[in-house]
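> Next input, structure requested:
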Amino acid sequence: MATPPLLFLPFVNRAPEHPSASGTFLGISSNHRRGHLTRAVIEGVAQYPRVQLDRVLASGADVGDRPWRLAGGGARPTVWAQIFADVLGRPVRRQLTSELGARGVASLLPGALGHGVPPWTVNDEDDLCVHPGPDRAAYLEHARVFDRCLARMSSVWSEVERYRTAGGNS
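Below you'll find the predicted structure:
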């Protein structure tokens, strides 16, 4: 028998619309192992940008069709990028260059000082671009479950927060 899917709500640092949110595993059982937990975390982390993307698209905004960039530690494993592409339903380009934020800020400095320099660019190699694959359909169902659970968790997180601030069973 296959291990049932596991869901992770990735709010270990809270969430703007859920101030009491915390990281939450749903559906965990004794059959789940470290790999299941790891994959659930990656999938949950990918689902929240999809929630935000859905809101932007619902507003009528155009986000274009260019690949989105995935940077940092999550860009290194191809599986992480594939999950993002499948969840978002759009191509994702892995950006393997380190310190992108610092490089971007540093690239603005010469212009701010009045020096003409060629613009800094990022890697556009096609072999680093991952497209949605056959798991896209499964992630559409995953998104529906994620959204329904997320909509119902505010009261649970609020209760847990009240418990934690009251000191729990200490």
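
> Bridged to the nearest residue to W68 once chain neighbours are set aside, which residues?
With C-beta to C-beta, 6 or more residues apart in numbering as the measure, V92 is the residue that lies nearest to W68, at 5.3 Å, once sequence neighbours are left out. C-betas here are computed from N, CA, C, even on glycine. Using DSSP bridges, the beta-bridge partners of V92 come out as W68, V130.

> quick check, L70 in a strand?
Yes: with DSSP: H, G, I helix; E, B strand; the rest coil as the criterion, L70 is located in a strand.

> Quick one: neighbours of S22, just the number.
Around S22 there are 17 other residues, counting by other C-beta atoms under 10 Å.

> can you tell me which residues contact the residue nearest to W68?
Taking C-beta atoms under 8 Å, 6 or more residues apart in numbering as the criterion, V92 is in contact with P67, W68, R69, L70, A81, F84, A85, C129, V130.

> What segments of the chain are strands?
Listed from the start of the chain, the chain has strands (DSSP state E) covering 7-9, 24-26, 68-71, 92-95, 129-130.

> Which secondary structure elements does the first one sit against?
In this structure, strand 7-9 packs against strand 24-26, helix 34-58, helix 136-152, with contacts taken as 3 or more C-beta pairs under 8 Å, 6 or more residues apart in numbering; DSSP states H and E.

> Show me which positions of the shortest one end up buried.
By neighbour count, and taking 16 or more other C-beta atoms under 10 Å as the criterion, the buried residues in strand 24-26 are T24.

> got it, and the longest one?
Residues 36, 39-48, 50, 53 are the ones in helix 34-58 that count as buried (16+ other C-beta under 10 Å).

> Which elements pack onto it?
Contacting helix 34-58 under the criterion 3+ C-beta pairs under 8 Å, 6+ apart are the following elements: strand 7-9, helix 78-88, helix 136-152.

> out of these, nearest to L113?
Of all the helices and strands packed on helix 34-58, the one in closest proximity to L113, counting by C-beta to C-beta, is helix 78-88 (36.1 Å).

> I figured P91 hits H131, correct?
Yes: the pair P91 and H131 qualifies as a contact (C-beta atoms under 8 Å) at a distance of 4.9 Å.
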